[in-house]
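Asks: model the structure of this input:
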Amino acid sequence: MSETRAEIRLPTGNLSEDLPFYTKVLGMRLDMIYPADNPEIAVLSGHGLRVRIEKGAPEAPGTLRILTDDPDGFADGKRELTAPNGTRIEIDELNPPLVLPPTEHAFVVRRLADQAPWIVGRAGMAYRDLVPTRLGGAIIASHIRVPDGPVPDMVHFHKVGFQLIFCIRGWVDVLYEDQGGMRRLHAGDCFIQPPRIRHRVMHAAEGIEVIEIGVPAEHITEIDHDMELPTPVERPEREWDGQRFVHNLARDGVFKPFRVPGFEARDTTINENTKGVASVMVSRPIAGQTSPWTKHNCDIVFNFVMSGEMTLEGEGKDPYRLTAGDAFVIPPDMATRFADPTPDLELLEVSLPGTFDTTIL
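Replies: Model (predicted):
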């Protein structure tokens, strides 16, 4: 079997000055050096890198980033260093803590009819941004279309605080770590993907559309090249950062009076299984009843119109007639009213945190 290696080449003016820095300060291993009588090239390896330091090389010195779970114990705790050859070294956390930026509250209405073209993103999926401001980086909400057929996805995970996949049309098959075999998501069903759970999208039906919510807006997706799915053991009670995997089925939902009078809703159990991080509800109007003005004290309340129509009235705002595909965010303490709904109206509501107060005005 043939063997292949890759190297990053860096310049040097004096190899004898660089070698102690790369071996003693950075802890790399010297693998090769030549010529013996007057060395001009050295190859070192370590931390997943193979570096060729060459006298007179034409490249700029560049920057090396070293990620470690003990940055204070690496290179005497220094976070930035400069090698004798001019290469900058950045030392950073291997698994930095998740930072949730403060929410920049805003009243947001995003209409499908006004939307810019869909953008092709990861694995050939088309994305539509539902909250362009991201509320200051606190949340990303995407309307996603997945091409019909097998999805060119890999086993991966997300470093997030909360993530929802809600199917609004078609179906999609996904494999999840420790959750048995293939999971099929139909319209009205949803997944909660706890932080760092490994998963892989396998196959999508023609016309599949999902709503994906991620907190915070900017988060890392990392590929796991070693794990194979499905995993051999099913562990439905397992928790990731205190959250359980949820596969909620629309057919099992029971509608009960909603926090907004004049509406009823079914609970997806996400508030319970995330221990209050978030709640996901599907609401619909009750025939013959009128919804009053209300306000809430929740940090983020996002809504997506899955079907039907309604008029969104907001304090100090012009009314918006909303139809399927439209989305809106109601900031805390802002009075709003859901007026003139059609009988087929269905709203997806995602709130963070999951438990909060609603005041009827």
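
Asks: CA only for contacts and neighbour counts going forward, please
Replies: Fine.

Asks: residue ranges with poor pLDDT in the stretch 1-150 of the chain?
Replies: Applying pLDDT under 70 to the stretch 1-150 of the chain picks out residues 115-117, 121-124.

Asks: mind jotting down where the strands sit in it?
Replies: Assigned by DSSP state E, counting those that start in this stretch, the stretch 1-150 of the chain shows strands spanning 8-12, 29-34, 41-46, 49-55, 63-68, 80-82, 88-93, 108-110, 119-120, 126-129, 140-145, 149-150.

Asks: surely A106 and P331 touch.
Replies: Yes - applying C-alpha atoms under 8 Å as the test, A106 and P331 come out as touching, 5.6 Å apart.

Asks: looking at those two, which is more packed in?
Replies: P331 (23 against 16; other C-alpha atoms under 10 Å).

Asks: which residues touch the more buried one?
Replies: By C-alpha atoms under 8 Å, 6 or more residues apart in numbering, the contact list for P331 reads H105, A106, F107, C298, D299, I300, V301.

Asks: can I get these in CSV including distance to S142?
Replies: Listed next are these as CSV, based on distance: C-alpha to C-alpha, whole Å:
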residue, distance to S142
H105, 18
A106, 17
F107, 17
C298, 21
D299, 19
I300, 15
V301, 15
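
Asks: grab the nearest non-local neighbour of G314.
Replies: T336 (4.4 Å; C-alpha to C-alpha, 6 or more residues apart in numbering).

Asks: what's the separation between that neighbour and G316?
Replies: 10 Å (C-alpha to C-alpha, to the nearest Å).

Asks: and these two? which has more neighbours close in?
Replies: Counting neighbours by other C-alpha under 10 Å for T336 and for G316 shows that T336 has the greater number, 22 against 9.

Asks: per-domain residue ranges of the chain.
Replies: As assigned by automatic domain parsing, the chain contains the domains 8-93, 117-249, 252-360.

Asks: buried stuff in stretch 137-154?
Replies: Neighbour counts using 16 or more other C-alpha atoms under 10 Å place 137-147, 151, 154 of stretch 137-154 among the buried residues.

Asks: ah, wrong one, I meant stretch 9-20
Replies: R9, L10, P11, T12, G13, N14, L15, D18, L19.

Asks: dump the residues you listed to TSV, plus distance to T87.
Replies: Compiled in TSV, the buried residues of stretch 9-20 are given as follows (distance: C-alpha to C-alpha, whole Å):
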residue	distance to T87
R9	11
L10	8
P11	9
T12	9
G13	12
N14	13
L15	13
D18	10
L19	13
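
Asks: identify, from the residues you listed, the entry nearest to C190.
Replies: In terms of C-alpha to C-alpha, no member of the buried residues of stretch 9-20 lies closer to C190 than R9, at 48.0 Å.

Asks: hey, what's the closest residue to that closest one other than its chain neighbours bridged with?
Replies: Sequence neighbours aside, R52 is the residue nearest to R9 in space, at 4.6 Å (criterion: C-alpha to C-alpha, 6+ apart). Assessed by DSSP bridges, R52 has beta-bridge partners R9, V43.

Asks: residues contacting R52?
Replies: By C-alpha under 8 Å, 6+ apart, the contact set of R52 is E7, I8, R9, L10, I41, A42, V43, L44.

Asks: in terms of contact, does the second one touch V51 like I think?
Replies: Yes - when contacts are counted by C-alpha under 8 Å, I8 is listed as touching V51 (4.9 Å).

Asks: neighbour count: these two, which is higher?
Replies: Between I8 and V51, counted using other C-alpha under 10 Å, the more crowded position is V51 (21 against 10).

Asks: how about the contacts made by that one?
Replies: V51 neighbours (C-alpha under 8 Å, 6+ apart): E7, I8, R9, L10, V43, L44, S45.

Asks: wait, what's in contact with the second one?
Replies: With C-alpha under 8 Å, 6+ apart as the criterion, the residues that contact I8 are L49, R50, V51, R52.

Asks: do you know how far the last one is from G73?
Replies: When C-alpha to C-alpha is applied, the distance between R52 and G73 equals 26 Å.

Asks: I'd guessed G181 sits against L175; true?
Replies: Yes - here G181 reaches L175: they are 6.5 Å apart, a contact under C-alpha under 8 Å.

Asks: between these two, which contacts overlap?
Replies: Joint contacts of G181 and L175 (C-alpha under 8 Å, 6+ apart) are P230.

Asks: nearest residue to the most centrally placed residue in the chain in space, please, no chain neighbours.
Replies: Nearest residue to the geometric centre of the chain (C-alpha atoms, centre = their mean): G214, 4.4 Å. The shortest distance from G214 to any residue other than its chain neighbours is 4.6 Å, reached at Q163 (C-alpha to C-alpha, 6+ apart).

Asks: how about R235?
Replies: D178 (5.2 Å).

Asks: ok so the one you found is a helix residue?
Replies: No - under DSSP: H, G, I helix; E, B strand; the rest coil, D178 falls outside any helix and is assigned coil.

Asks: and it, what does it touch?
Replies: Contacts of D178 by C-alpha under 8 Å, 6+ apart are P230, T231, P232, V233, E234, R235, P236, R238.

Asks: and the strands of the stretch 1-150 of the chain as TSV, adding distance to T323?
Replies: Formatted as TSV, these follow (distance: least, C-alpha to C-alpha, whole Å):
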stretch	distance to T323
strand 8-12	54
strand 29-34	63
strand 41-46	56
strand 49-55	53
strand 63-68	47
strand 80-82	53
strand 88-93	45
strand 108-110	11
strand 119-120	22
strand 126-129	16
strand 140-145	15
strand 149-150	29
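
Asks: kind regards, and thank you for your time.
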